[in-house]
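Curious how this folds, go ahead:
(chains A and B)
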There are 2 protein chains.
Amino acid sequence: MSFKDNGPLQIYGVTGLPEIEAGTDLGAVIGNVAATNGTPIADGDIVVVTSKIVSKAEGRTVELASIEPSSFAREWSATWGKDAAVTEVVLREAKRIVRQLGPVLITETHHGFVCANSGVDQSSSGAHGRAVLLPLDPDASARNIRATLVANGSNAAVIISDTFGRAWREGQTDIAIGIAGMQPILSYIGQVDPHGHQFQVQALCTADELAGAAELVKGNLSRVPVALIRGYAWDVDDGATIAPVLRDQSRDLFR
Amino acid sequence: MSFKDNGPLQIYGVTGLPEIEAGTDLGAVIGNVAATNGTPIADGDIVVVTSKIVSKAEGRTVELASIEPSSFAREWSATWGKDAAVTEVVLREAKRIVRQLGPVLITETHHGFVCANSGVDQSSSGAHGRAVLLPLDPDASARNIRATLVANGSNAAVIISDTFGRAWREGQTDIAIGIAGMQPILSYIGQVDPHGHQFQVQALCTADELAGAAELVKGNLSRVPVALIRGYAWDVDDGATIAPVLRDQSRDLFR
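Prediction:
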């Protein structure tokens, strides 16, 4: 089954969500609030959900007072004016350290994401002394939300997004860390352009472009953690995961 | 002067552009075609233009038959089944080689962009045996287009986009290589979230998110090289350039 693009892309911020707590049924809440806002989620929509509210709903937070930092975490944190408990959490969320230079800690998470501080967030956890971790399995999070939306009659794809830095470029962008219902990469392999050349662009990571587009209406100050993208063409694929986006280390020149 | 966001973001593909040739007045052509399509460019719009048509309009193409490859270019190209003239052009467009491994050549261009093959494109140059180079000064290209749009009564920002790969993640995305009228980075430095925490996200590269969002309606097969983004809030700044996005090598952990 495919949804065809017709007309302009439209991106709505889903405003007015309640504070999300552990156990919140995100799919149900998002569906209800979107309907209340006059933009009920429709077949073919793409719902982009900020990972932080997914983590909160799934209880992926830690009380920093409960953390016993290792001597490595204590020493490095003291040197760079960091909170040793946070550093310890960052290290526990990491598969390995990609770069550690001055106060900067770039890690590869257990999921395989390369990002600052393993994606651990202290900025708006709902309480001081608590850190928010990335969801354990963001694809499963996306599938759960999608399942609820579909059960309620809306065949929408779901993307879980987070805000990551990049190599070489300043400024962060929102990218996809989990997906359900659609493939994250659109391949042009084997296709030819109007002049008969094979495409030099082999594959576009449209999931990351969709996540970044959603950020434009979400912002960070106004606390709009969900956006609805309407009018984008996609094929339903319930086997989709974010895995094809994670470059294997054997193909990676910068790890 | 500011444009306020009200209502959903809308993204239109500007379809029906003529084949672009050296000397084409892009600002005039884009303005006319958008109006013909029923979406005349309005104050506050952001016009995202694929770099390839900018390069064509500016005559930034080279006939490969006119290129004399160096022995370095010849040898490496023979090893990896590449066109030595293209390799020579790629090297001439580079300030330095960031990674050269197997057939992959990641360079830093004279502008300071880190990308594959210095952004040199052979895919749809309008003729075999010709390569399309990145615009010489994409900020100036954007300023020229913006100046025409403003002169014709539309106070629109302009982004020149290209399709780049990334470290760690598969799939390319469209990013901004030139900008006019608006700053590329939205800073949250010094601001606090609703819980009183300072933002961990310091600055978002909204120019890259806008370029990626535009790609979603442009595609690559359907040849829609221009998109119009409507409903995004931005402040007019005619001193803006892409420079703040280019990470200085002293701050770069991956170069």
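
going forward, measure contacts between C-alpha atoms and count neighbours the same way
Noted.

Retrieve the pLDDT associated with A:Leu64.
Per-residue pLDDT puts A:Leu64 at 93.

How about A:Gly126?
Looking at A:Gly126, the pLDDT reads 48.

swap in A:Gly171?
pLDDT, A:Gly171: 96.

now the strands for chain A?
A:2-3, A:9-13, A:46-50, A:61-63, A:94-101, A:104-109, A:114-116, A:130-132, A:157-164, A:173-180, A:186-187, A:203-204, A:226-230, A:234-235 (DSSP state E).

Low-confidence ranges, chain A, go.
A:5-6, A:123-128, A:193-201, A:220-222 (pLDDT under 70).

so what's the residue nearest the centre of it up against?
By Cα atoms, centre = their mean, the mean C-alpha position of chain A lies nearest to A:Ser161, the distance being 2.0 Å. Contacts for A:Ser161 (Cα atoms under 8 Å, 6 or more residues apart in numbering or on different chains) come out as A:Val48, A:Val49, A:Thr50, A:Ser51, A:Asp174, A:Ile175, A:Ala176, A:Ile177, A:Gly178, A:Ala211.

again, only using 10 Å
A:48-52, A:54, A:138, A:173-179, A:207-208, A:210-212, A:214-215, A:225-226 (Cα atoms under 10 Å, 6 or more residues apart in numbering or on different chains).

Then A:Arg166?
Contacts for A:Arg166 were tallied using Cα under 10 Å, 6+ apart; they are A:Val114, A:Cys115, A:Ala116, A:Gln172, A:Thr173, B:Arg166, B:Ala167, B:Trp168, B:Arg247, B:Asp252, B:Phe254.

how about stretch A:180-190, does it reach chain B?
Yes - Stretch A:180-190 reaches chain B (Cα under 10 Å from any Cα of the partner chain) through A:Pro184, A:Ile185, A:Leu186, A:Ser187, A:Tyr188.

I meant to write stretch A:79-92 there.
No - for stretch A:79-92, no contact with chain B is found by Cα under 10 Å from any Cα; the gap never falls below 13.1 Å.

Bridging across strands, which residues link to the residue nearest to the centre of chain A?
Going by DSSP bridges, A:Ser161 is paired in beta bridges with A:Thr50, A:Ala176.

same deal with A:Ala227?
A:Gly13, A:Val48.

Test my guess that it contacts A:Ile11.
Yes - with contact defined as Cα atoms under 10 Å, A:Ala227 counts as touching A:Ile11 (6.7 Å).

who touches both of the two?
A:Ile46, A:Val47, A:Ala213, A:Ala214, A:Glu215, A:Leu216, A:Val217, A:Lys218, B:Pro8.

closest to B:Ile97 among those residues?
A:Ala213 (31.6 Å; Cα to Cα).

Skip the chain neighbours and tell me the closest residue to the closest one.
Among residues not flanking A:Ala213 along the chain, B:Ala213 sits closest, at 4.8 Å (Cα to Cα, 6 or more residues apart in numbering or on different chains).

The one you found and A:Glu93: what is the separation?
The gap separating B:Ala213 from A:Glu93 is 31 Å, by Cα to Cα, to the nearest Å.

now do A:Ser141
Taken as Cα to Cα, the span from A:Ser141 to A:Glu93 is 18 Å.

go on, A:Gly7?
For A:Gly7, the distance to A:Glu93 - Cα to Cα - is 43 Å.

of those two, who's got more company?
Between A:Gly7 and A:Glu93, A:Glu93 has the larger neighbour count (other Cα atoms under 10 Å in any protein chain shown), namely 21 against 14.

Leaving out the residues flanking it, which one is nearest to A:Glu108?
A:Val114 (4.4 Å).

List the residues that contact that neighbour.
In this structure, A:Val114 makes contact with A:94-98, A:106-108, A:164-166, A:246-247, A:255, B:167-169, judged by Cα under 10 Å, 6+ apart.

mind redoing it with 7 Å?
Contact analysis of A:Val114 by Cα atoms under 7 Å, 6 or more residues apart in numbering or on different chains lists A:Ile106, A:Thr107, A:Glu108, B:Trp168.

Then A:Ile177?
By Cα under 7 Å, 6+ apart, the contact list for A:Ile177 reads A:Pro138, A:Ile160, A:Ser161, A:Asp162, A:Ile242.

try A:Asp162
A:Asp162 neighbours (Cα under 7 Å, 6+ apart): A:Thr50, A:Ser51, A:Asp174, A:Ile175, A:Ala176, A:Ile177.

Tabulate these in TSV, adding columns for distance to B:Ala131.
Listed next are the contacts of A:Asp162 as TSV, based on distance: Cα to Cα, whole Å:
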residue	distance to B:Ala131
A:Thr50	41
A:Ser51	42
A:Asp174	33
A:Ile175	31
A:Ala176	33
A:Ile177	36
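
Please name the nearest non-neighbouring residue to A:Glu209.
Using Cα to Cα, 6+ apart, the closest residue to A:Glu209 is B:Gly212 (4.8 Å).
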